[in-house]
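Participant: quick one, fold the following:
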Amino acid sequence: MVKKKFSGDIDIIRELLEITENLSHNKDIVSLLDNILYEARKFTNADAGTIFLREENELNFSYFQNDTLTQLDENNKKFIYANSSIPINDESIAGYVANSSKPLLINDVYKLNNKVPYSFNDSFDKQSNYSSKSFLTVPLITSRDQTIGVMQIINAKDENDQIIPFTQDDLMYVSFFANNASVAIERAQMTQQIILRMISMAELRDPKETGAHVNRVGSYTIEIYQKWAKNHNIDEKTIKAYKDVLRLASMLHDVGKVAISDTILKKPGRLTDEEYDVMKTHTVHGAELFKERVSDWDKVSSEIAIHHHEKWDGTGYPYQLKGEEIPISGRITALADVYDALISRRVYKEAWDEKKVLELIESESGKHFDPEVVKAFFSIYDIIKAIREKFPDKE
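Facilitator: Numbering: from 1, shown residues only. Below you'll find the predicted structure:
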């Protein structure tokens, strides 16, 4: 990652505003955080970074990037889905910045002045065998003067790849960028809440369709897609753009069930053939919700709603499509949905044993599932498990 060069302050401000404008096109909060962190790191030539988002009096670990760890293992992304939070108080670096709404620039986190109230938690360094040093931590403040989170970028590097301190200029410009990016975050959070409310409506009708389930399916889907896309030499720009719509679209895969009667949807026993035929129509009803297709998100949402029960061998529904006739969005969501349904406990069943679930998925490669999608799934299984831990079912 090479630091950008500018001819003056006006060029920098203009570039940062252009980047912020591009961020406003992101629909998915995860995709947005990925892009915000990437741009902030590119500007400062930083090796790593984390974004924490505020929830009441805590900061939730929301997104993470680390070039050094990625170079060691490009599939080692499980830290992105770490399920941790820290209190908003003066005891930690991020907590102090959120509490005070003031940025911090630290040259070496292992050599903090003993007069400062905060300390550095080295547990991540020990766990990952990473060496943190220089930190630039800024609050994410909205136009309404609300601190919605903290962005922390780590280990600035020079042209020889040596770790150096962040500069006062870095602090000034990253703070400016963060304030503008906060508006995009706030907008993406509102979009996500609208999606989750739609899912909550479906959950009132079908208790199987929980918020935790759809969050897991959405996260599985984008991670499987990224691995599948890289295996097929798809360029990074296309991957990022597609992931932005894919996660939200896959979360709505079963939204068409709102059109199915309670008699069928909540029937405790086995459905008759006639009832099952009615249940199958949830795919068509789901696709109908996105028939206007005014955006890429509408297109992918429609694809997933209608195709996530198709099977690779042509025995699925509603159209018995076969192989690559099924859009990749539907092929991936099919695997993500089945995996999560089997491995999760429901009111009507116990969770399957993990080994049994994985054996079934492997046996269904080339039958129910696209073999290349199955291959991608197994190659990132440590990430899949981290996602399950990030979004547990409520007891």
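
Participant: quick one: the helices in the stretch 101-250 of the chain, in order.
Facilitator: In the stretch 101-250 of the chain, helices defined by DSSP state H, counting those that start in this stretch lie at 123-128, 168-205, 211-231, 236-251, listed in chain order.

Participant: what angle separates the second one from helix 236-251?
Facilitator: Orientation of helix 168-205 against helix 236-251 (axes from the mean of the first three to the mean of the last three C-alpha atoms, to 10 degrees) gives an angle of 30 degrees.

Participant: ok so, going back, what's the least confident stretch among the helices of the stretch 101-250 of the chain?
Facilitator: Ranked on mean pLDDT, the bottom entry among the helices of the stretch 101-250 of the chain is helix 168-205, at a mean of 85.

Participant: return the most buried member of the helices of the stretch 101-250 of the chain.
Facilitator: helix 211-231 (a mean of 22; mean count of other C-beta atoms under 10 Å). From N, CA and C alone the C-beta is placed, and that goes for glycine too.

Participant: list the contacts for Gly246?
Facilitator: You called it Gly, but residue 246 is Leu. The neighbourhood of Leu246, defined by C-beta atoms under 8 Å, 6 or more residues apart in numbering, consists of 221-222, 225, 300, 329.

Participant: what about the strands in the stretch 51-200 of the chain?
Facilitator: For the stretch 51-200 of the chain, the strands defined by DSSP state E, counting those that start in this stretch cover 58-66, 85-87, 104-106, 135-141, 147-157, 163-164.

Participant: one step back: and the helices of the stretch 101-250 of the chain: which comes nearest Ser84?
Facilitator: helix 123-128 (9.4 Å; C-beta to C-beta).

Participant: with only the CA atoms kept, save that closest one in PDB.
Facilitator: Coordinates of each C-alpha in helix 123-128 appear next as PDB, following Å, rounded to 0.1, in the frame of the first residue of the first chain:
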ATOM      1  CA  SER A 123      -4.000  -9.400  23.800                       C
ATOM      2  CA  PHE A 124      -4.600  -9.200  20.000                       C
ATOM      3  CA  ASP A 125      -0.800  -8.900  19.400                       C
ATOM      4  CA  LYS A 126      -0.200 -12.000  21.500                       C
ATOM      5  CA  GLN A 127      -3.000 -13.900  19.900                       C
ATOM      6  CA  SER A 128      -2.100 -13.100  16.300                       C
END
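
Participant: TSV please, covering the helices of the stretch 101-250 of the chain and showing distance to Asp28.
Facilitator: Rendered in TSV, the data for those read as follows (distance: least, C-beta to C-beta, whole Å):
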stretch	distance to Asp28
helix 123-128	25
helix 168-205	7
helix 211-231	8
helix 236-251	5
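
Participant: of all the ones you listed, which one comes closest to Ser134?
Facilitator: Nearest of the helices of the stretch 101-250 of the chain to Ser134, taken as C-beta to C-beta: helix 168-205 at 9.7 Å.

Participant: by how many degrees do the closest one and strand 135-141 diverge?
Facilitator: Inter-element angle recorded for helix 168-205 and strand 135-141: 50 degrees (by the same axes, to 10 degrees).

Participant: ok now stretch 237-244, how far from the chain's centre?
Facilitator: Offset of stretch 237-244 from its chain centre (C-alpha atoms, centre = their mean, to the nearest Å): 12 Å.

Participant: please disregard the earlier target; I meant stretch 227-247.
Facilitator: Using C-alpha atoms, centre = their mean, the offset of stretch 227-247 from its chain centre is 13 Å.

Participant: how far does that stretch stretch from one end to the other?
Facilitator: The straight-line separation of the ends of stretch 227-247 (C-alpha to C-alpha, to the nearest Å) is 14 Å.

Participant: and for Lys157, the neighbour number?
Facilitator: Other residues lying near Lys157 total 18 when counted by other C-beta atoms under 10 Å.

Participant: doesn't Phe166 make contact with it?
Facilitator: No. At 10.5 Å, Lys157 does not count as touching Phe166 under the criterion of C-beta atoms under 8 Å.

Participant: got any residues that touch both of the two?
Facilitator: Joint contacts of Lys157 and Phe166 (C-beta under 8 Å, 6+ apart) are Ala46.
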